[in-house]
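> Have a look; sequence and predicted model below, questions after that.
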Amino acid sequence: MLTLLLNARVYAPAPLGVRHLLVAGGRIVWMGGPRLDLPPYLGAESVDCEGRIVIPGLVDAHVHLTGGGGEAGAHTKVPPLALTRFTRSGITSVVALLGTDDATRHPRELVTAVHGIRQEGLSAWCYTAGYHVPPVSITGSVRGDIASIDAVIGAKCAISDHRSSQPTTDELRRLASEAHVGGLMTGKAGVVHLHVGDGARGLEPIRAALAGTELYPRTFNPTHVNRRRALLDDAIALAREGSHVDLTAFPVAEGEDAYAAEDALLRYLDSDAPADRVSVSSDGGGCLPTFDDAGRVTRMGVGEPGDLATALRAAVAKGAPLERVLPAFTANPAALLRLPGKGQVRVGADADLVVLDADGTVRDVMARGLWHVRAGQPVVRGTFE
């Protein structure tokens, strides 16, 4: 199928002005200013964007495709996420992971979910392992999973959280070396995506693991770093030292010792840390529990993929130019995770495109060259939707 998008105001993420784009075979094959006249026998679909903003599909690098939760019993395990939970929010690429429960849930289930949602039209990958060490794996090692399984691009672990296994410095070093070498062998990201809890140690375990080793700072990718204000400041310092840090678009109550993702992103970008070392993810499908002093769950929420697009819109509403904040939702995570063709609007890139309405809401979504959402409504649904 050929699709010709006309009069699109392209942010690639840099602003390119009004362009026309030709999509074929799931990729952008032409982009230019003068209109391209195609012979009628090609049967191309022409879509007039009428000057609306067109951005790359969002890259959500922290989602619980198979569901998170389980901290308060089996009945609190979050169900799997359906396709349109992502597409209606402009998300066209996801990276799936396990949460606290890496005992009854397994990386095998993640890989299966990745293949399933790929068949439904999204681009997807996953991390092996979960919160704990020794890491749970499919082949018997993190390095083996990355080297042998197409979908696996890195590993997951948790630090500074009472739900973690309290990994030692040597355990973190070993995990990072396994991920790094697996990445070298395959050209994949080979990162350790680190859930950071609200414990007082914060990012100190990362610095301890890096000290006195040959590990590269980019190997450690801490997430949830806006959950405490002091933690964000420490994350900005860590980014200056070479790590890539990830913010989470979770809800923040007034007066809470945390930053909403849009506020954290603007604070980061106003610092002298490299602008390409920050990203925003949704924690979609993840459990958002509140614990009492004895470690019991008193309240539980669930991360929403839609919060990612909401955070992008909120950052622009605060006066930030779209081109300044958009890379954290698109190009930056794609570059860190070495996802070719993702996060950019350019010739040769995958045709993952989002058309925005005047108020910044998601209007139309194309994933790998096929329309999934038109005028705000899904035209493709998941198998069980």
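Thanks, I have the structure now.

> Give the buried residues for stretch 28-41.
By neighbour count with 16 or more other CB atoms under 10 Å, stretch 28-41 contains the buried residues Ile28, Met31. Where C-beta positions appear, they are placed from N, C-alpha and C, glycine not excepted.

> again with stretch 133-146
Applying 16+ other CB under 10 Å to stretch 133-146 flags Val133, Pro135, Val136, Ser137, Ile138, Ser141, Val142, Arg143, Gly144, Asp145, Ile146 as buried.

> what distance separates the start and the end of that stretch?
17 Å (CA to CA, to the nearest Å).

> from here on, count from 25
Right, with 25 as the first residue, what we last looked at is stretch 157-170.

> Identify the residues contacting that stretch?
Contacts to stretch 157-170, defined as CB atoms under 8 Å, 6 or more residues apart in numbering, come from residues 122, 126-127, 130-132, 135, 152-154, 172-173, 176-179, 181, 189, 191, 195, 199, 202-203, 205-207, 209-210, 212, 214.

> again, 6 Å this time
For stretch 157-170, the external contacting residues (CB atoms under 6 Å, 6 or more residues apart in numbering) are 126, 131-132, 152-154, 172, 176, 179, 189, 191, 195, 202-203, 205-206, 212.

> Okay, and Glu286 sits in which element?
helix 285-294 (DSSP states H and E).

> Provide the secondary structure category for Arg197.
helix (DSSP: H, G, I helix; E, B strand; the rest coil).

> Chain neighbours aside, what residue packs nearest to it?
Counting by CB to CB, 6 or more residues apart in numbering, Arg197 lies nearest to Ala233, which is 5.0 Å off, once chain neighbours are set aside.

> Show the pLDDT at Ala318.
Listed pLDDT for Ala318 reads 85.

> Point out where the stretch 75-224 of the chain drops to low pLDDT.
For the stretch 75-224 of the chain, no stretch has pLDDT under 70.

> Just the ones of the buried residues of stretch 157-170 in helices?
Of these, the ones assigned to helices by DSSP state H are Val166, Arg167, Gly168, Asp169, Ile170.

> Now stretch 179-198: buried residues?
179-185, 187-189, 191, 193, 195-198.

> got it, and stretch 345-353?
Neighbour-count burial for stretch 345-353 [16+ other CB under 10 Å]: Leu346, Val349, Leu350, Pro351, Ala352, Phe353.

> residues in contact with stretch 253-268?
Contacts of stretch 253-268 (CB under 6 Å, 6+ apart): 226-227, 241-242, 244-245, 249-250, 269, 281, 283, 288, 292, 295, 297, 301, 360.

> cutoff 8 Å now
215, 220, 222, 226-227, 230-231, 240-242, 244-246, 249-250, 269, 281-283, 288, 291-292, 295-298, 301-303, 356, 360.

> Check stretch 278-294 too.
Applying CB under 8 Å, 6+ apart, the set of residues contacting stretch 278-294 is 249-253, 256, 259-260, 263, 269, 271-276, 299, 302, 304, 331, 335-336, 338-339, 342, 344, 348-349, 352.

> Please apply the same query to stretch 216-227.
85-86, 119, 121, 123, 151, 155, 178-188, 196, 199-200, 203, 230, 243-249, 251-252, 254-255, 258-259, 262, 270.

> go with 7 Å
Stretch 216-227 is contacted by residues 121, 151, 155, 178-185, 188, 199-200, 203, 230, 243-249, 251-252, 255, 258-259, 262 when judged by CB atoms under 7 Å, 6 or more residues apart in numbering.
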